[in-house]
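Asks: Quick check, what structure comes out for this input:
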Amino acid sequence: MSESEQPYNSKRLKFLRRKLRTFGTPAEGRLWTLLKNKQASGLRFRRQYSIERYILDFYCPEVRLCIELDGQPHRGFFAADRDYDRAQLLKEQFNITVLRYENHVVFDNSALILYDIEQHLKKWESGQM
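Replies: Numbering: from 1, shown residues only. Below you'll find the predicted structure:
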């Protein structure tokens, strides 16, 4: 990354971010209906937000929280390893917590995701993050 380029919402990833929003998965679309317009604990989430070379599915800058949904491409040893490394980098370099869910959780137990967001917010507000 060049010195003049900021780590957030890189212009070189703009086309890809837009494409991911337009052609998102059904699970991403469903979760977005629960997160948009500050419906989750009053937090404003952004969809397909980039930090460095990574594009986060959903991101709330206010409390530095990322929510990632995993489908078929995230299954397998190497994918899980990459996802772990990515979450570690986001935590260490940007103090961003990553919550990761399988796509089916959005449909089967979306209340769990909303509960986890609420718990993260409580930790953030108490200074435990």
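
Asks: buried stuff in stretch 120-129?
Replies: Residues of stretch 120-129 classed as buried by neighbour count (16 or more other C-beta atoms under 10 Å): His120, Leu121, Trp124, Met129. Where C-beta positions appear, they are placed from N, C-alpha and C, glycine not excepted.

Asks: which residues does the third one contact?
Replies: Contact partners of Trp124, counting by C-beta atoms under 8 Å, 6 or more residues apart in numbering, are Val63, Arg64, Leu65.

Asks: returning to that earlier point: relative to Leu13, which of the buried residues of stretch 120-129 is nearest.
Replies: Leu13 has its nearest neighbour among the buried residues of stretch 120-129 in His120, at 25.4 Å by C-beta to C-beta.

Asks: give me the element that closest one is part of.
Replies: Per DSSP states H and E: His120 is located in helix 110-126.

Asks: thinking again about what came up before, strands - which of the contacts of Trp124 land there?
Replies: Residues of the contacts of Trp124 located in strands (DSSP state E): Leu65.

Asks: sorry, back to before: of the buried residues of stretch 120-129, just say which sits nearest to Ser50.
Replies: Taking the buried residues of stretch 120-129 together and measuring to Ser50 by C-beta to C-beta, the closest member is His120, at 21.0 Å.

Asks: which residues sit in contact with the closest one?
Replies: Shown in contact with His120 (C-beta under 8 Å, 6+ apart): Val63, Leu65, Thr97, Leu99, Met129.

Asks: What is the burial count for the first one?
Replies: Val63 sits with 17 neighbouring residues when counted by other C-beta atoms under 10 Å.

Asks: confidence score at the residue nearest to it when sequence neighbours are not counted?
Replies: The shortest distance from Val63 to any non-neighbouring residue, by C-beta to C-beta, 6 or more residues apart in numbering, is to Trp124 (4.3 Å). Looking at Trp124, its pLDDT reads 95.

Asks: would you list the contacts of Trp124 in CSV and tack on pLDDT and distance to Gln6?
Replies: Listed next are the contacts of Trp124 as CSV, based on pLDDT from 0 to 100; distance: C-beta to C-beta, whole Å:
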residue, pLDDT, distance to Gln6
Val63, 97, 20
Arg64, 97, 16
Leu65, 98, 20
